[in-house]
Each structure stands twice: as C-alpha cells, then as structure tokens.
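In: Prediction below, plus the sequence it came from.
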Amino acid sequence: MPSETVHRHPVRVYYEDTDAAGIVYYANYLKFVERARTEWLRDLGLDHRTLEARHGVRFAVRRCVVDYRRPARLDDLLTVETRVTAARGARLVLEQRVLRDGEPLAVVEVTLVALDRDLRPVRIARALPPGFPGGEAHRPLCGNEGTATEGPSSS
C-alpha cells in the first residue's frame, strides 16, 4: 500500500531556471525533485554521507517518468511533494509532484535502486529504518503519456 506520509520542500524559480520564453526549462524540474529527494532523506536522518558511511549504500536513479502539465515561471514559489509508493527488494519508487498553489505542474515517478560500494544492488532494508513508509503496492503514476528519462545517474 502506498505511503500516506508526504514530505514537502519549497523551491523558488530563479532566472537561471527559465528558458528564453520565461518559463522553467523542462530539465530543471528534475533538479527540483532531486533536491527534494535529498532533503526528504536528510529529514529522515539518512543524508547521502550517512547512508554511505553507516550502511555502505547509495541510491541511483533507475527510471524516471515525467508528466509535464503546466509551466512554472520566474519567481514562482513551488512545493515539491515526495511520497513513497513502493519499497521492495533493491527498489524504492517515489511519486514527486511539483505544485504551485496546490496545482500540479509536473508529476514525476522515480525508481531508485540501492547500491553497495561496488555498485551492486542491495536490499532497500539495508539502508532504511524499520517501519519506513512505503509498501508492496505500486501503481504507475503517469502511464505511458509522460516523458521518460532512463539511466543510471546518481541520486
């Protein structure tokens, strides 16, 4: 069952985030959700350095699907919501929504994998505390209509 716990992280849109039309460049939404994931882990007491030092674990993005719905603009104050939708095996699946005044601008489904120091997959339980929000159920958030970015980039 998906987690009901939602982490919220504020993001201000700066000039550097926008394109020539004055709207947020599409790739910058990935930066916004990356920052929010990092702060979510930090708030859980699992910043990247702690994960690596104590547990020998790091996360990598395995899959990312983005459904762009409306543009963000210069000076907008956005909120990125992060929620666990599945945690099983070496995978952690998150729903991240970029909102402006509660309205979804982009919905992101990101699959992370837990890796050991030799970059081999390890069970997520090795890195996450007991009772970690999430569950076994997983439902696609964006279907096939979003833009997919796949690859083993660091998270």
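Out: Sure thing, it's come through.
In: For A60, pull up the helix or strand it's in.
Out: strand 58-68 (DSSP states H and E).
In: Quick one: mean pLDDT over that strand.
Out: Here strand 58-68 scores 97 as its mean pLDDT.
In: Just name whatever secondary elements the helix or strand following that strand is in contact with.
Out: Once the chain leaves strand 58-68, the next helix or strand it forms, by DSSP H and E, is strand 77-88. Secondary-structure packing of strand 77-88 (3 or more Cβ pairs under 8 Å, 6 or more residues apart in numbering; DSSP states H and E): strand 7-12, helix 28-43, strand 91-100. Any C-beta I mention is one placed from the backbone N, CA and C, and that applies to glycine too.
In: among those, which is the most enclosed?
Out: Per-stretch averages of neighbours, counted by mean count of other Cβ atoms under 10 Å, single out strand 91-100 among the helices and strands packed on strand 77-88, with a mean of 22.
In: now it and helix 28-43, what's the angle there?
Out: 120 degrees (axes from the mean of the first three to the mean of the last three Cα atoms, to 10 degrees).
In: Quick check: what element follows strand 91-100 along the chain?
Out: Assigned by DSSP H and E, the successor of strand 91-100 is strand 103-115.
In: For this structure, give me the ranges with low pLDDT.
Out: Within the chain, the segments meeting pLDDT under 70 span 1-3, 127, 129-155.
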